[in-house]
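Colleague: Any chance you can model this:
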Amino acid sequence: MKTKEQLHLPGGNSQLNYVLENVDLIDKTILVIGTGSELAVKLFLNNGASKIELIVEDYDSLLNSRLALDQIESINPKMMDFEITDFNENTFDLVYAQASISGSKRNRIIKEIKRIIKKDGILIVGEIVKLEKLVPQFVNDMFSDSDLDPLYTEDIKNYYFQRGWDVQETIDHSPKLNEYYSTNLEMLSKSLKELSDNEKSYYKKLINQISHQSKAYLKQGADKFIGFSILKAIMNDR
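Modeller: Below is the predicted model:
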């Protein structure tokens with residue numbers, strides 16, 4: 001069952017629809033990791049999940065998540081470091097992370113997910129990846145500015161396998177990034193018309209980053225080097 005609502009994250013709705021169409025969510029305990037994932041929480045709940053936790057890393061994201069989910073009493077978003085959570089061992093049947101663990105902390109986050117997921121639990125992760133092993137400096141600068149440490153696309157399966165995951169499937173959804181960066185520019189243009197001069201000054205660094213990265217992908221060739229992969233894996237190393 002696909003959704004017409006749009007998830008504004010790299011990969012768009014492709015990862016979310018993959019779960020809705022291929023994973024049995026009935027009575028599952030699910031952890032959703034990352035900012036902007038509220039639509040996933042709602043749809044997992046609507047499709048039979050028994051309990052869902054959503055964690056984000058910063059206060060602004062926490063406020064936005066609580067506002068977006070305030071009509072759902074059973075959901076209480078929490079702010080945690082993804083690599084050091086408060087959850088007990090063997091808590092979750094499924095962990096969902098979309099473009100939220102592709103940074104410098106990936107190794108520690110994956111280790112933490114292994115601790116809190118049940119044996120035979122399912123990990124659905126969307127990773128920003130490199131389409132070439134060697135990328136130009138301007139692409140490396142984009143990664144650095146966003147604290148990203150992408151894997152080479154052909155290495156992602158082996159990365160998870162070496163850490164005790166039985167990789168069931170990897171899917172390339174790189175073309176979806178075009179929609180993401182195009183939407184970024186549209187949303188930025190709209191926001192700039194509504195922001196005061198003081199607000200523009202306050203958010204100057206973020207505004208410049210969004211504009212620069214989106215134009216680099218859409219107009220300057222970064223699309224040849226930046227991709228997005230979805231991976232489904234089962235925890236069996238326990």
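Colleague: How about the residue nearest in space to the middle of the chain: what's its closest non-neighbour residue?
Modeller: Compute the mean C-alpha point of the chain, and by C-alpha atoms, centre = their mean the closest residue is residue 98, 2.1 Å away. Among residues not flanking residue 98 along the chain, residue 126 sits closest, at 4.2 Å (C-beta to C-beta, 6 or more residues apart in numbering). Yep, even glycine has a C-beta here, placed from its N, CA and C like the rest.
Colleague: Where does that neighbour sit: helix, strand or coil?
Modeller: Using DSSP: H, G, I helix; E, B strand; the rest coil, the three-state assignment for residue 126 comes out as strand.
Colleague: can you tell me which residues contact it?
Modeller: Shown in contact with residue 126 (C-beta atoms under 8 Å, 6 or more residues apart in numbering): 9, 10, 11, 15, 97, 98, 99, 173, 228, 229, 230, 231.
Colleague: same question, residue 221
Modeller: Contacts of residue 221 by C-beta under 8 Å, 6+ apart are residue 136.
Colleague: repeat for residue 105
Modeller: With C-beta under 8 Å, 6+ apart, residue 105 has these contacts: 82, 83.
Colleague: Which strand residues bridge the closest residue to residue 147 other than its chain neighbours?
Modeller: Sequence neighbours aside, residue 103 is the residue nearest to residue 147 in space, at 4.7 Å (criterion: C-beta to C-beta, 6+ apart). On the basis of DSSP bridges, residue 103 is bridged to residue 148.
Colleague: Give me the neighbour count for residue 103.
Modeller: 16 (other C-beta atoms under 10 Å).
Colleague: so how far is residue 195 from it?
Modeller: Shown here: residue 103 relative to residue 195, a distance of 28 Å by C-beta to C-beta, to the nearest Å.
Colleague: what does residue 213 give?
Modeller: 19 Å.
Colleague: Of the two, give the one with the bigger neighbour count.
Modeller: Using other C-beta under 10 Å, the more surrounded residue of residue 213 and residue 195 is residue 213, with 21 against 14.
Colleague: For the host helix or strand of the more buried one, which outside residues touch it?
Modeller: Using DSSP states H and E, residue 213 sits within helix 204-219. Contact with helix 204-219 is made by 138-139, 142, 145-146, 177-178, 181-182, 184-185, 188, 192, 200, 222-223, 226, as judged by C-beta under 8 Å, 6+ apart.
Colleague: how about 7 Å then?
Modeller: By C-beta atoms under 7 Å, 6 or more residues apart in numbering, the residues outside helix 204-219 that reach it are 138, 142, 145, 177, 181-182, 184-185, 188, 200, 222-223, 226.
Colleague: which parts of that helix are buried?
Modeller: 207, 210, 213, 214, 216, 217, 218 (16 or more other C-beta atoms under 10 Å).
Colleague: name the helices or strands packed onto the longest helix seen in the chain?
Modeller: When the chain is parsed with DSSP state H, its longest helix is helix 176-194. In terms of contacts (3 or more C-beta pairs under 7 Å, 6 or more residues apart in numbering; DSSP states H and E), helix 176-194 is packed against helix 204-219, strand 226-235.
Colleague: Mean pLDDT and distance to residue 79 added to the ones you listed, as JSON lines?
Modeller: As requested, the helices and strands packed on helix 176-194 are exported to JSON lines (pLDDT from 0 to 100; distance: least, C-beta to C-beta, whole Å):
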{"stretch": "helix 204-219", "mean pLDDT": "90", "distance to residue 79": "19"}
{"stretch": "strand 226-235", "mean pLDDT": "96", "distance to residue 79": "25"}
